[in-house]
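# Predicted model and sequence below, questions to follow.
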Amino acid sequence: MIFKWSRSSAIARKEWFHIRRDPFTLALALVLPLFMVVVYGVAIDFNIKNIELAVSDSDQSQFSRRLLDTFRASDYFILRPTSSPGSAVIDVAAERAKAAIVIPPRFEKDLLAGRGGRAQILIDGADNSTVGPVSDYVARIQTMASERIVGADLTEPYQLRTRFLFNPELNSRWFVIPGLTVVIMAILSIFLTALTVAREWENGSMELLLSTPVEPLEIIVGKATPYAVLAMTSIAFVYVIARTCFGVPFRGHLWVFGLGCILFLVTYLAQGLLISVVTRQQTIAMQISMLTGMLPSNMLSGFIFPIASMPKFFWYFTMILPARWFMIISRHEFLQGSDLGQLAVPFAALTASCVIMVTLAARRFKRTLE
């Protein structure tokens, strides 16, 4: 049987009428992306600030006050004075402070005598996410404090100047929001297709459709097209909000980004259809969709956790995940402005995943039809 667009478009129109009568589907497709962008864009910030710092100043000298003023002026720390070194340690143990600074009684005298003043920094090592940033902040403040306290000339015979490319302000939103396109498209494409088609299996309407003279590919295209339109509309909303509300730049090519969106979307739509054919139950389809779509796009795509720091097994395992490759495409297009040639490897991997998933879904539909 020859593929005909007329039959596929008839299936698509029927699916669109069903979506219009289903408020849950519309809310998931249109409201959820906006909610996620606002929440992730505002709440997630990798630039740690307002760190509670317990202070024990046993010296109470001019030099110790200059040291504490340097911490206060950095805008990274909120100082909490304590009565003794033991109280500062207790504040850290009770999680009232993330770190503590203990200044001994002879801090100023040691500096004036040329012996070098010593102060102790205690950091809560149980919260692994703050140890690194706090240590970096302390190292910078130490250099600034040395200049303010004793006027030391810290000029080195060489000078290293650091410049951050593509995200000069290290703005977390510029890093997070482009990655949201991957998470949102994964949720919409897999969840919507898997759940709605599985519902038709439960209601018995899918058997009626399969009994008609249609090609499996016609069913796939007809079923997936309305959800593809909804997902692309949601991504357009995300793009507008990212550019207008959060000031995220877009330095790449819209057609390259759009091509990546289409490949990723088709892959996950086919995966959702495959899940619905295999399970035929909404509950099981939802569980498998979360395990194979939502969780990998959040945890193993590089959205939050860098893939380079993962164990070797997971580093290789992520290569079979389409979310990993589309995450690279999305962030490169937003922040770096890469062209198609520079993204040849991610596009090749994404295209291979798309072909494999569409082929599996079509063959499964064909076996079911027969």
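Here it is on my side, so go on.

# Give me the domain ranges for the protein.
Taking automatic domain parsing as the reference, the chain has its domains at 5-44+171-369, 51-150.

# ok, residue 178 - how many residues close by?
Residues lying near residue 178 (other CB atoms under 10 Å) number 25. Any C-beta I mention is one placed from the backbone N, CA and C, and that applies to glycine too.

# Per-residue pLDDT of it, please?
Residue 178 is assigned a predicted lDDT (pLDDT) of 90.

# try the one 10 residues further on
Residue 188 is assigned a pLDDT of 83 by the prediction.

# is it true that it touches residue 31?
No - applying CB atoms under 8 Å as the test, residue 188 and residue 31 come out as separate, 11.4 Å apart.

# what about the two, which has more around it?
The residue with more neighbours, out of residue 188 and residue 31, is residue 188; 29 against 11, by other CB under 10 Å.

# deepest of the domains of the chain, which one?
Highest mean neighbour count of these: domain 5-44+171-369, a mean of 18 (counted as mean count of other CB atoms under 10 Å).

# ok, back up a step: make JSON lines out of the domains of the chain and add distance to residue 165.
Below are the domains of the chain laid out as JSON lines (distance: least, CB to CB, whole Å):
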{"stretch": "domain 5-44+171-369", "distance to residue 165": "8"}
{"stretch": "domain 51-150", "distance to residue 165": "19"}
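
# out of the ones you listed, which comes closest to residue 164?
domain 5-44+171-369 (10.1 Å; CB to CB).

# Just after the one helix or strand residue 238 maps to, pick out the following helix or strand.
Per DSSP states H and E, residue 238 falls inside helix 216-244. Using DSSP H and E, the helix or strand that follows helix 216-244 in sequence is helix 254-279.

# Which other helices and strands does that following helix contact?
Applying 3 or more CB pairs under 8 Å, 6 or more residues apart in numbering; DSSP states H and E, one finds that helix 254-279 contacts helix 172-186, helix 192-203, helix 216-244, helix 282-289, helix 322-331, helix 344-369.

# Quick one: mean pLDDT for it?
pLDDT averaged over helix 254-279 gives 90.

# Would you mind getting the angle between that helix and helix 192-203?
30 degrees (axes from the mean of the first three to the mean of the last three CA atoms, to 10 degrees).

# Least reliable of the helices and strands packed on helix 254-279 by average pLDDT, please.
helix 192-203 has the lowest average pLDDT among those, namely a mean of 76.

# What's the separation between residue 9 and residue 221?
Noted for residue 9: a distance of 9 Å to residue 221, by CB to CB, to the nearest Å.

# Return the residues in contact with residue 232.
By CB atoms under 8 Å, 6 or more residues apart in numbering, the contact list for residue 232 reads 261, 265.

# Retrieve the pLDDT associated with the residue nearest to the spatial centre of the chain.
By CA atoms, centre = their mean, the mean C-alpha position of the chain lies nearest to residue 303, the distance being 3.2 Å. Residue 303 carries a pLDDT value of 88.
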